[in-house]
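S.K.: Sequence and predicted structure below; questions after.
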Amino acid sequence: MVPLDLLFNPSSIAIVGASDHTGKIGNTVVFNVLQSKKRRIYPVNPNEKEVLGLKCYPSISSLPEVVDLAVLAIPARLSIGVIEECANVGVPYVVCIAAGFSEIGDEGRALEERLRKTIEGTKTRIIGPNTMGIIAPRSDLDTFFTPLDRSPRPGNGIISVISQSGSVLCGIYEGAEDTGVGISTAIGLGNKVDLNENDFLEYFKDDDLTRCIVLYLESFTDGKRFLDLCRQITPSKPIVAIKVGRTEKGAKAATSHTGALARGSDALTTGVFKQFGVERAYDERDLLDLSKALAYIDHIDGDRIAVLSNTGGFAVIATDYIESKDNGAGLRMANISEEAQKEIMSRTQYFASAQNPVDLTGSVTDETYGEALEILEKEENIDAILILLQLQAPQLTEGLADIVARIVNEGGKPAIVCAIGGSFPRPILRRFEQKGIPSFGSLRPAIWALKALYDRGIYLKRIGAVCE
């Protein structure tokens, strides 16, 4: 097998079905691929002479070189012949976008089986069919067929995404772009006729550019191999996963979507994930929220949480969420020492509160937040800090992100940020993200992220990866 490095950073790409007509998938793919100036790009279509200013070739065989990657923007029925041509000339990787395979029933399954047999005994590997393709901000690669103005791409980061669903993949990376979270690589598996989740897990296991792996799966290609890889990966890299088909109708929907067979009870999946250190998510926001916390922080060593706030009401809600076992995270509010409380009060208004949750009031400044955070960073009875902000307070500025990042990086005690509000806090939250501080626009995901960090800490202690 040609190393997957070549798939994520090809020197040359052919787009079969390339079109010079705006709105066509073959036009969008060429446009997106062209955003990277460092690659040789070859449009392929016997009915076009030129596409977006590039010479168009009639076939894969007519290209001046054997490309590293071919992207097929053609109907399912035409894909077999083109993939056979790719295999004959030695193209190592093919992205087959077309739907119309096993997800539509017997006729599609037969076509998919022909696709599988076409590459048997060759060095050509297929992503898909029925796939979004690949984006890799790490190498400035974009083979998706969604327009950039309708589907903004995230910047480079340390999270890699493997998804069996194109729409879920879009939800994850567009959510990442919207909140300022970077993505290293995003892969649409589609129907997994060849390359599957285990192939990519194997790659990301040793990939220095990936610190957290995100999965959306409708079926396991090889469950035993999957769990073996999880056992190898999770001691050093978190995995966050959605496994759908939790209900009978959900399993049926998964089958009709990608031709998947969603076998196994939901309780079994939950138990197995927990045993092998996989953090389970339930929607695309869960995936993104949990993965960024785990990517930036990895884990926390205990369940004692301090809340540093300038909003009394939301701090009370946060306290209930943190401690409640029925509708909360089941963690503990940390005890803040009397010495620390006195020190905090000496730096703030007389009507503030230095008990946990700490309420610095609406009169707080960037500097006061920083001073209180430095005091909490020194407390032995605190495992993590939730910095709960109402950025509408008149003396708070975007400079608070710089202060918090400096103190957290120097103090070493994990911290996450939650800023309540509408559009105003969002640019400042993005600034926190860019500095590696997990940031959230509402309380529930922030506290569930703390729970995920604690759960991972428990797992790492259980397997002996960290000390008690």
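M.R.: Everything's here; your move.
S.K.: So, low pLDDT: which residues of the stretch 251-400 of the chain?
M.R.: Applying pLDDT under 70 to the stretch 251-400 of the chain flags residues 251-265.
S.K.: please redo it, this time with the cut-off set to 80
M.R.: 251-268 (pLDDT under 80).
S.K.: Quick one: the helices in it, in order.
M.R.: Ranges of helices in the stretch 251-400 of the chain, per DSSP state H, counting those that start in this stretch, are 266-275, 284-297, 312-323, 338-345, 366-377, 400-411.
S.K.: mind putting those in TSV, mean neighbour count and distance to residue 117 included?
M.R.: To be clear about C-beta, it is placed using only N, CA and C from the backbone, and glycine gets the same treatment. Below are the helices of the stretch 251-400 of the chain laid out as TSV (neighbours: other Cβ atoms under 10 Å; distance: least, Cβ to Cβ, whole Å):
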stretch	mean neighbour count	distance to residue 117
helix 266-275	14	32
helix 284-297	25	35
helix 312-323	18	54
helix 338-345	15	69
helix 366-377	20	61
helix 400-411	18	54
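S.K.: Relative to residue 13, which of those helices is closest?
M.R.: When the helices of the stretch 251-400 of the chain are compared by Cβ to Cβ, helix 284-297 sits nearest residue 13, at 28.1 Å.
S.K.: counting contacts, what elements does the closest one pack onto?
M.R.: Where contact means 3 or more Cβ pairs under 8 Å, 6 or more residues apart in numbering; DSSP states H and E, helix 284-297 is packed against strand 159-163, helix 166-179, strand 212-217, strand 239-243, helix 443-462.
S.K.: Turn the ones you listed into CSV, columns for distance to residue 140, mean neighbour count and mean pLDDT.
M.R.: Conversion of those to CSV gives the following (distance: least, Cβ to Cβ, whole Å; neighbours: other Cβ atoms under 10 Å; pLDDT from 0 to 100):
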stretch, distance to residue 140, mean neighbour count, mean pLDDT
strand 159-163, 16, 27, 97
helix 166-179, 15, 20, 94
strand 212-217, 21, 26, 96
strand 239-243, 25, 24, 93
helix 443-462, 30, 21, 97
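S.K.: Could you verify my assumption that residue 415 touches residue 373?
M.R.: Yes. Contact criterion Cβ atoms under 8 Å: residue 415 and residue 373 qualify, at 7.4 Å.
S.K.: what is in contact with the two at once?
M.R.: 385, 387, 404, 408 (Cβ atoms under 8 Å, 6 or more residues apart in numbering).
S.K.: May I see those residues arranged in JSON lines, with distance to residue 6 as well?
M.R.: Output for the shared contacts of residue 415 and residue 373, formatted as JSON lines (distance: Cβ to Cβ, whole Å):
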{"residue": "385", "distance to residue 6": "43"}
{"residue": "387", "distance to residue 6": "43"}
{"residue": "404", "distance to residue 6": "41"}
{"residue": "408", "distance to residue 6": "38"}
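S.K.: Show the residue spans covered by the strands in the stretch 1-150 of the chain.
M.R.: Ranges of strands within the stretch 1-150 of the chain are 12-16, 40-44, 50-51, 54-55, 69-72, 93-96, 125-127, 134-136, 141-142, based on DSSP state E, counting those that start in this stretch.
S.K.: Which one of those strands lies nearest to residue 277?
M.R.: The closest of these to residue 277 is strand 134-136. By Cβ to Cβ, the value is 25.8 Å.
S.K.: Run through the residues that contact residue 442.
M.R.: Contacts of residue 442 by Cβ under 8 Å, 6+ apart are 418, 420.
S.K.: Which pLDDT value belongs to it?
M.R.: Listed pLDDT for residue 442 reads 94.
S.K.: What of residue 164?
M.R.: 94.
S.K.: Thought residue 195 was touching it, still the case?
M.R.: No. In this structure, residue 164 is not within contact of residue 195 by Cβ under 8 Å, at 11.9 Å.
S.K.: what do the two both touch?
M.R.: Common neighbours of residue 164 and residue 195 (Cβ under 8 Å, 6+ apart) are residue 189.
S.K.: and which of the shared contacts of residue 415 and residue 373 is nearest to residue 20?
M.R.: So of the shared contacts of residue 415 and residue 373, ranked by how close each gets to residue 20 (Cβ to Cβ), first place is residue 404, at 50.0 Å.
S.K.: Look up the pLDDT of that closest one for me, please.
M.R.: Among the per-residue scores, residue 404 holds a pLDDT of 94.
S.K.: repeat for the one 10 residues further on
M.R.: According to the prediction, residue 414 has pLDDT 96.
S.K.: hang on, isn't it packed against residue 297?
M.R.: Yes. The pair residue 414 and residue 297 passes the contact test of Cβ under 8 Å, sitting 4.8 Å apart.
S.K.: Apart from its neighbours in sequence, what residue is nearest residue 39?
M.R.: residue 13 (5.8 Å; Cβ to Cβ, 6 or more residues apart in numbering).
S.K.: Please name the bridge partners of that neighbour.
M.R.: residue 41, residue 69 (DSSP bridges).
S.K.: And it, how far from residue 154?
M.R.: In this structure, residue 13 and residue 154 are 21 Å apart, going by Cβ to Cβ, to the nearest Å.
S.K.: quick one on the thing from earlier: could you export the strands of the stretch 1-150 of the chain as JSON lines, including mean pLDDT and mean neighbour count?
M.R.: Shown next, in JSON lines, are those (pLDDT from 0 to 100; neighbours: other Cβ atoms under 10 Å):
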{"stretch": "strand 12-16", "mean pLDDT": "98", "mean neighbour count": "26"}
{"stretch": "strand 40-44", "mean pLDDT": "98", "mean neighbour count": "23"}
{"stretch": "strand 50-51", "mean pLDDT": "97", "mean neighbour count": "18"}
{"stretch": "strand 54-55", "mean pLDDT": "98", "mean neighbour count": "14"}
{"stretch": "strand 69-72", "mean pLDDT": "98", "mean neighbour count": "29"}
{"stretch": "strand 93-96", "mean pLDDT": "97", "mean neighbour count": "28"}
{"stretch": "strand 125-127", "mean pLDDT": "97", "mean neighbour count": "24"}
{"stretch": "strand 134-136", "mean pLDDT": "96", "mean neighbour count": "23"}
{"stretch": "strand 141-142", "mean pLDDT": "97", "mean neighbour count": "22"}
